[in-house]
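Q: return a 3D structure for these sequence lines:
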Amino acid sequence: MAGPAELDQLRTAQGTREDVLYCQLMIRHHLGGAHMIDAVLAQSHDPTVLDLARTMKASQQADITTMQRMLTDLGASP
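A: Predicted coordinates:
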């Protein structure tokens, strides 16, 4: 998750810098969610929870891939 200083940077960033910072922070956010999802997948026995977790993991991974491509297009790294 982004800390207060990083959120302040995002609030004041403009243009390409804003886009890059947003994508970088969101990738970290989604990776944190993926770790939580993996824990649920390893421990839960509830089919409904497992279905939701699998759907969320696929969605977050697709978002991460999209944001990584965007960063490459912007000349930045994740």
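Q: ranges for the helices of this structure?
A: 4-12, 15-43, 47-73 (DSSP state H).
Q: mean confidence for the last one?
A: The pLDDT scores in helix 47-73 average 97.
Q: the shortest one now?
A: pLDDT averaged over helix 4-12 equals 93, rounded to a whole number.
Q: quick check: buried residues in that helix?
A: Neighbour counts over helix 4-12 (16 or more other Cβ atoms under 10 Å) mark no residue as buried. For glycine as for every other residue, the C-beta is placed from the backbone atoms N, C-alpha and C.
Q: what does that helix rub up against?
A: Under the contact criterion Cβ atoms under 8 Å, 6 or more residues apart in numbering, helix 4-12 has outside partners 2, 18, 21-22, 25.
Q: show me the residue at the heart of this structure, geometrically.
A: The centroid of the chain falls nearest to H30 when counting by Cα atoms, centre = their mean (2.4 Å).
Q: and it, what does it touch?
A: By Cβ under 8 Å, 6+ apart, the residues touching H30 are 60-61, 63-64, 67.
Q: mind redoing it with 10 Å?
A: Applying Cβ atoms under 10 Å, 6 or more residues apart in numbering to H30 gives the contacts 56-57, 59-64, 67.
Q: can you flag the buried ones in the residues you listed?
A: Buried members of the contacts of H30, counted by 16+ other Cβ under 10 Å: 56-57, 60, 63-64, 67.
Q: from the chain's centroid, how far away is stretch 63-78?
A: Put simply, stretch 63-78 sits 11 Å off its chain's centre (Cα atoms, centre = their mean, to the nearest Å).
Q: same check on stretch 56-64?
A: For stretch 56-64, the distance to the chain centre is 8 Å (Cα atoms, centre = their mean).
Q: separation between the residue of the chain most remote from its centre and I64?
A: Residue farthest from the centre of the chain, counting by Cα atoms, centre = their mean, is H45 at 25.7 Å. Distance check for H45 against I64: by Cβ to Cβ, to the nearest Å, it reads 27 Å.
Q: if anything else comes up later, I'll come back, but that's it for now.
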